[in-house]
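>>> need a structure here:
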Amino acid sequence: MKITKGSKNIFKDIGCKNPEKLLKEAEIKSASDVKKLFKRTLLDEIIYYCFYIWWNKLEMLPLRIKSFIQRGRRGWADADTWDFDGYLIDVIGEGLRHLKVYQNGCPTEIYDKYKNLSIEESDKATQKEWHEILDKIIEGFDAAKVYIEYFCELTEEERLECEKIRKEGFDLFKEYFFSLWD
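Down below sits the predicted model:
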């Protein structure tokens with residue numbers, strides 16, 4: 001088998017410094033023979049992934065501990081800034097879901113719309129409208145998450161739909177930002 005520039009990269013990736021010697025010893029004559037040489041069995045795959053999963057968890061443990069301490073001290077970690085927009089979308093989206101379930105109040109501008117109704121009717125109408133607004137904001141953050149995570153897989157029509165929902169949700173988020181309290 002002739003060693004080309006591309007095949008040298010393959011051998012370099014697997015740590016082989018002398019590919020000619022390897023090919024002679026293994027009696028390799030074609031590219032399919034190279035694949036057979038490095039083909040792993042099912043047992044190899046099982047062992048690899050079992051150990052890899054645990055090794056990866058152990059290897060990442062110091063970073064996870066450091067991130068945990070940083071989040072406790074300052075509310076965010078260095079690791080969060082690697083994908084800061086995604087991190088904020090997750091945190092704010094989940095926070096809004098929690099707020100919707102456990103909130104006690106509503107923005108005063110919504111109460112002002114229903115001040116001519118009785119107290120009970122005013123509370124119900126205000127709560128209903130505020131929940132609808134929160135739903136639209138949450139949908140905006142969900143659409144932003146889909147847009148970020150699946151951008152390459154979305155069709156142009158789906159991207160435009162995500163962008164429309166995200167824009168509406170973010171506009172409401174901006175409008176009611178100082179009303180997001182419990």
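
>>> Only C-alpha atoms from now on, for both contacts and neighbour counts.
Will do.

>>> So which bits of the helix or strand hosting Gln70 are buried?
Here Gln70, judged by DSSP states H and E, is contained in helix 42-74. Judged by neighbour count using 16 or more other C-alpha atoms under 10 Å, the buried positions of helix 42-74 are Ser67.

>>> what's the helix or strand just after that helix in contact with?
The helix or strand immediately downstream of helix 42-74 is helix 84-102, counting by DSSP H and E. Here helix 84-102 makes contact (C-alpha atoms under 8 Å, 6 or more residues apart in numbering) with 80-81, 131, 134, 138, 141-142, 144-145, 148, 180-182.

>>> Quick check: next helix or strand after helix 84-102?
helix 108-113.

>>> Just list what that following helix packs against, helices and strands only.
helix 119-149 (3 or more C-alpha pairs under 8 Å, 6 or more residues apart in numbering; DSSP states H and E).

>>> What is the helix it packs on packed up against?
Using 3+ C-alpha pairs under 8 Å, 6+ apart: helix 119-149 touches helix 84-102, helix 108-113, helix 156-175.

>>> Determine how far the shortest one lies from the middle of the whole chain.
Distance of helix 108-113 from the chain centroid (C-alpha atoms, centre = their mean, to the nearest Å) equals 36 Å.

>>> one step back: check the contacts of helix 84-102 and tell me the two furthest apart.
For the contacts of helix 84-102, the maximum inter-member distance is 30.9 Å, found between Thr81 and His131 (C-alpha to C-alpha).

>>> Could you check which of these two is surrounded by more residues?
Neighbour tally, Thr81 and His131, criterion other C-alpha atoms under 10 Å: the higher count belongs to His131, 17 against 12.

>>> in the chain, which segments are predicted with low confidence?
1-39 (pLDDT under 70).

>>> 80 instead, please
1-41, 44-45, 47-50, 53, 182 (pLDDT under 80).

>>> For burial, what's the neighbour tally of Glu161?
By other C-alpha under 10 Å, neighbour count at Glu161 equals 14.

>>> repeat for Ile110
For Ile110, using other C-alpha under 10 Å, the count is 15.

>>> Nearest spatial neighbour of it, chain-adjacent residues omitted?
Excluding the flanking residues, the one nearest Ile110 by C-alpha to C-alpha, 6 or more residues apart in numbering is Thr126, at 6.0 Å.

>>> close enough to count as contact, the one you found and Asp112?
No. Using C-alpha atoms under 8 Å, Thr126 is not in contact with Asp112, being 9.1 Å away.
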